[in-house]
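J.: Structure of the sequence below:
(2 chains)
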Protein chains: 2
Amino acid sequence: MIIAKSISKVRKIINKAKKENKTIGFVPTMGALHKGHLSLVKRAKKECDFVVVSIFVNPIQFGPKEDYKKYPRTFKEDKKLLLGYTDLLFFPYVETMYKKDNSTFVEETILSKFLCGASRPGHFKGVCTVVAKLFNIVEPDIAYFGQKDYQQALIIKRMVRDLNFTVKIKVLPIVREKDGLAMSSRNTYLNEKERKEAVCLYKALNLAKNIIKEGERDSKVVIERMKNLILSYSSAKIDYIKITDPYTLEDVEKIEKKVLVALAVFIGTTRLIDNILINV
Amino acid sequence: MIIAKSISKVRKIINKAKKENKTIGFVPTMGALHKGHLSLVKRAKKECDFVVVSIFVNPIQFGPKEDYKKYPRTFKEDKKLLLGYTDLLFFPYVETMYKKDNSTFVEETILSKFLCGASRPGHFKGVCTVVAKLFNIVEPDIAYFGQKDYQQALIIKRMVRDLNFTVKIKVLPIVREKDGLAMSSRNTYLNEKERKEAVCLYKALNLAKNIIKEGERDSKVVIERMKNLILSYSSAKIDYIKITDPYTLEDVEKIEKKVLVALAVFIGTTRLIDNILINV
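T.: Below is the predicted model:
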């Protein structure tokens, strides 16, 4: 595994791989890797000749009151986890990615208004900008994203379509802990009690699935039931619970075809998200 | 010369050229080609193995009250002018470039606030977005722009740097009519009297050059002299006259190093721009 901190080194190595007709698989991450990330890297290794992983905690996707500074940085452990699956690890400095007078941004303006975009203004602009940059640096054939960040993956797909990037986007299933909690780098913020209560997101999604499967078609009723479940946990504070069209992310009132049930919940001060696609 | 209306056709042809190790030169235009455009295409032909020209009147870079509808479309003549210099002419439909639910934009947020950006809000966002798309479609090694649109070229260079595009940007000198009027597709809007008076932009730039060369260092004085010259033409209405730093586009009060003198003037209802770099 080669580790590159500079863009020019990445370009040199990628150009060589491309000249050898290798397909490039790419997994952009913020590090603090867990089994969710690894499922993406392993899939990339299966499907592509040359696997690039980036680790970059992207400052411009964090709001001023968010956790940029305390976001977990575990490079040594990350490196070990990637061995055997990764050909090139791109680990740039912030100053490498953003010049002092950086002034160009990529913004998706419709899908970004919903769900996490409503709670985190500017977040997806930061995500789109850094991913566009990374796509231009790595020039991957396939890039892999996790469904836990469903909205992010949908927005990246839209960006790829709208700006005519050639990369193919693949979205892989959520990887969960034994109790159902979706893997997330932010789970490390939770204390013991919070960690136990964090399962409420998954429980609420399961409840939604069950009552929809049983015939409930009114989103309000489903959301109310989820809310009650979550608020029975003392650490939980709801940011949003939404039942939406999986393609437009617009609210669905009557559940008549496939829906996305998505939620964001603060467990203590830690904001967690989760989601499920439900077919009816 | 191959003409392609679809993105997939462009990609197929470009991929073939790249496999043959050809360098790709690219000249993005809105058509209504004149000698200014042709100077770019001819330079591309000299420097690159494979020359791509795009003709696309980009709706999203026009304001609601601007001339998108009446912008000259002269495809037959354009085609003839490009023969011998162009390998691939990309001439897409609007619907090919923008899906109905297109929602992703590229925005440069600092340089775009000055000069034409102040008069034409959203203009450079439209330009950056379409140029980013075209770069992703054509994947050129070198792209050519004219200095008449100095600010545009500067912003594109910034975008390329900030978003890590690999293309190299070259900016070629303004091509002028015999009387000094900068070549522009919009010159065709001018009636006979206006065409004569349109020379006032060039005359004002020359005046600025002369009085700065003679030692004037106060931008206010220079601008006042330019203003008086222009307003002696009955068809002329000034949009802006600015003396700025050529890199930041910020106003310069005391002229102590290289400056950009740039102006936009309405001749009748036609908005024309011109500029000059002056070394002191």
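J.: And A:Asp245, how close does it get to B:Arg217?
T.: Per CB to CB, to the nearest Å, A:Asp245 is found 62 Å from B:Arg217. No exception for glycine: its C-beta is placed from N, CA and C like everyone else's.
J.: If you could redo that for A:Val199, that was the one I meant.
T.: A:Val199 sits 71 Å away from B:Arg217, going by CB to CB.
J.: Compare those two and say which is more crowded by neighbours.
T.: Between A:Val199 and B:Arg217, counted using other CB atoms under 10 Å in any protein chain shown, A:Val199 has the larger neighbour count: 18 against 14.
J.: residue contacts, the more buried one?
T.: The contact partners of A:Val199, taken as CB atoms under 8 Å, 6 or more residues apart in numbering or on different chains, are A:Asp179, A:Gly180, A:Leu181.
J.: same check, this time on A:Ala208
T.: A:Ala208 neighbours (CB under 8 Å, 6+ apart): A:Val222, A:Arg225, A:Met226, A:Ile243, A:Val261, A:Ile276, A:Ile278.
J.: so how many other residues sit close to the last one?
T.: Applying the criterion other CB under 10 Å, we find 19 residues in the vicinity of A:Ile278.
J.: first vs last residue of stretch A:103-114, how far apart are they?
T.: From its first residue to its last, stretch A:103-114 covers 25 Å (CA to CA, to the nearest Å).
J.: Name the surrounding residues that touch that stretch.
T.: Contacts of stretch A:103-114 (CB under 8 Å, 6+ apart): A:60, A:117, A:124-125, A:128-129, A:132, A:151, A:154-155, A:158-159, A:162-163, A:242, A:244, A:248-250, B:101, B:103-111, B:128, B:132, B:158-159, B:161-163.
J.: Out of these, list just those in strands.
T.: Counting by DSSP state E, the contacts of stretch A:103-114 place A:Lys242, A:Thr244, B:Thr104, B:Phe105, B:Val106, B:Glu107, B:Glu108 in strands.
J.: Contact residues of the stretch 51-200 of chain A facing chain B?
T.: A:99, A:101-111, A:128-129, A:132-133, A:136-137, A:158-159, A:161-166 (CB under 8 Å from any CB of the partner chain).
J.: go with 7 Å
T.: Residues of the stretch 51-200 of chain A lying close to chain B (CB under 7 Å from any CB of the partner chain) are A:99, A:102-111, A:132-133, A:136-137, A:158-159, A:161-166.
J.: how about the strands of chain A, start to end?
T.: Listed in chain order, the strands of chain A (DSSP E) span A:2-4, A:24-29, A:50-55, A:88-90, A:104-108, A:142-146, A:168-172, A:236-244, A:259-267, A:270-278.
J.: The third one - contacts with which helices or strands?
T.: In other words, strand A:50-55. Contact partners of strand A:50-55 among helices and strands, from 3 or more CB pairs under 7 Å, 6 or more residues apart in numbering or on different chains; DSSP states H and E: strand A:24-29, helix A:35-47, helix A:75-82, strand A:88-90.
J.: Could you dump those into CSV and include distance to B:Gly146 and mean pLDDT?
T.: Compiled in CSV, those are given as follows (distance: least, CB to CB, whole Å; pLDDT from 0 to 100):
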stretch, distance to B:Gly146, mean pLDDT
strand A:24-29, 35, 98
helix A:35-47, 43, 98
helix A:75-82, 46, 98
strand A:88-90, 36, 98
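J.: Of the contacts of A:Val199, which belong to helices?
T.: Under the assignment DSSP state H, the contacts of A:Val199 contribute nothing to helices.
J.: how many neighbours does A:Arg43 have?
T.: A:Arg43, neighbours per other CB under 10 Å, totals 18.
J.: ok, it - contacts?
T.: Contacts for A:Arg43 (CB atoms under 7 Å, 6 or more residues apart in numbering or on different chains) come out as A:Tyr144, A:Leu172.
J.: so how far is chain B from it?
T.: 25 Å (CB to the nearest CB, to the nearest Å).
J.: A:Asp87 now?
T.: 20 Å.
J.: And stretch A:244-253, what's buried?
T.: A:Thr244, A:Pro246, A:Leu249, A:Val252 (16 or more other CB atoms under 10 Å in any protein chain shown).
J.: my bad, stretch A:166-176
T.: Quick answer for stretch A:166-176 (16+ other CB under 10 Å): A:Val167, A:Ile169, A:Lys170, A:Val171, A:Leu172, A:Ile174, A:Val175, A:Arg176.
J.: Quick check: nearest residue in space to the second one, chain neighbours excluded?
T.: Of all residues not flanking A:Ile169 in the chain, A:Lys157 sits nearest, at 4.9 Å (CB to CB, 6 or more residues apart in numbering or on different chains).
J.: what does A:Gly31 give?
T.: In space, A:Gly31 is closest to A:Ile55, 3.9 Å off (CB to CB, 6+ apart).
J.: now A:Asn275
T.: Of all residues not flanking A:Asn275 in the chain, A:Ala262 sits nearest, at 4.0 Å (CB to CB, 6+ apart).
J.: Compute the distance between that neighbour and A:Tyr150, please.
T.: Taking CB to CB, one finds A:Ala262 at 6 Å from A:Tyr150.
J.: Between these two, which contacts overlap?
T.: The overlap between the contact sets of A:Ala262 and A:Tyr150 (CB under 7 Å, 6+ apart) consists of A:Asn275.
J.: Can you give me the neighbour number for A:Lys65?
T.: Residues contacting A:Lys65 under the criterion other CB under 10 Å number 6.
J.: So for it, what's the pLDDT?
T.: pLDDT recorded at A:Lys65 is 95.
J.: and it, what are its phi and psi?
T.: Taking degrees, to the nearest 10, you get phi -100, psi 10 for the backbone angles of A:Lys65.
J.: go on, A:Arg120?
T.: Note on A:Arg120: backbone dihedrals following degrees, to the nearest 10 are phi -130, psi 70.
J.: I'd say it and A:Pro64 touch.
T.: No. Using CB atoms under 7 Å, A:Arg120 makes no contact with A:Pro64, being 11.1 Å away.
J.: contact partners of stretch A:12-22?
T.: Against stretch A:12-22 from outside (CB under 7 Å, 6+ apart): A:Ile2, A:Ala4, A:Ile24, A:Asp49, A:Phe50, A:Leu88, A:Val138, A:Glu139.
J.: which ones are touching the fourth one?
T.: The one in question is A:Asp49. A:Lys22, A:Thr23.
J.: From chain B, how far off is it?
T.: Distance, A:Asp49 to chain B, using CB to the nearest CB: 17 Å.
J.: okay, the angle between the lengthiest helix in chain A and strand B:104-108?
T.: Using DSSP H to define each element, chain A has its longest helix at helix A:123-138. Put simply, helix A:123-138 runs at 80 degrees to strand B:104-108, going by axes from the mean of the first three to the mean of the last three CA atoms, to 10 degrees.
J.: returning to that earlier point: which of the residues of the stretch 51-200 of chain A next to chain B are buried?
T.: A:102-108, A:110-111, A:132-133, A:136-137, A:158-159, A:162-165.
J.: related to what we said a few turns ago, could I get the contacts of A:Ala208 in CSV, plus columns for distance to A:Arg11 and pLDDT?
T.: Output for the contacts of A:Ala208, formatted as CSV (distance: CB to CB, whole Å; pLDDT from 0 to 100):
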residue, distance to A:Arg11, pLDDT
A:Val222, 49, 98
A:Arg225, 52, 98
A:Met226, 47, 98
A:Ile243, 44, 98
A:Val261, 42, 98
A:Ile276, 40, 98
A:Ile278, 43, 98
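J.: Quick check: can you list the domain ranges of chain A?
T.: As given by automatic domain parsing, the domain ranges for chain A are A:2-172, A:185-278.
J.: Report how far apart the opening and closing residues of the last one are.
T.: Across its full length, domain A:185-278 reaches 25 Å end to end, with CA to CA as the criterion.
J.: what distance separates that domain from the middle of the whole chain?
T.: 17 Å (CA atoms, centre = their mean, to the nearest Å).
J.: same deal with the longest one?
T.: With CA atoms, centre = their mean as the basis, the distance from the averaged C-alpha position of domain A:2-172 to the chain average is 10 Å.
J.: what's the first-to-last distance across that domain?
T.: Using CA to CA, the end-to-end distance of domain A:2-172 comes to 25 Å.
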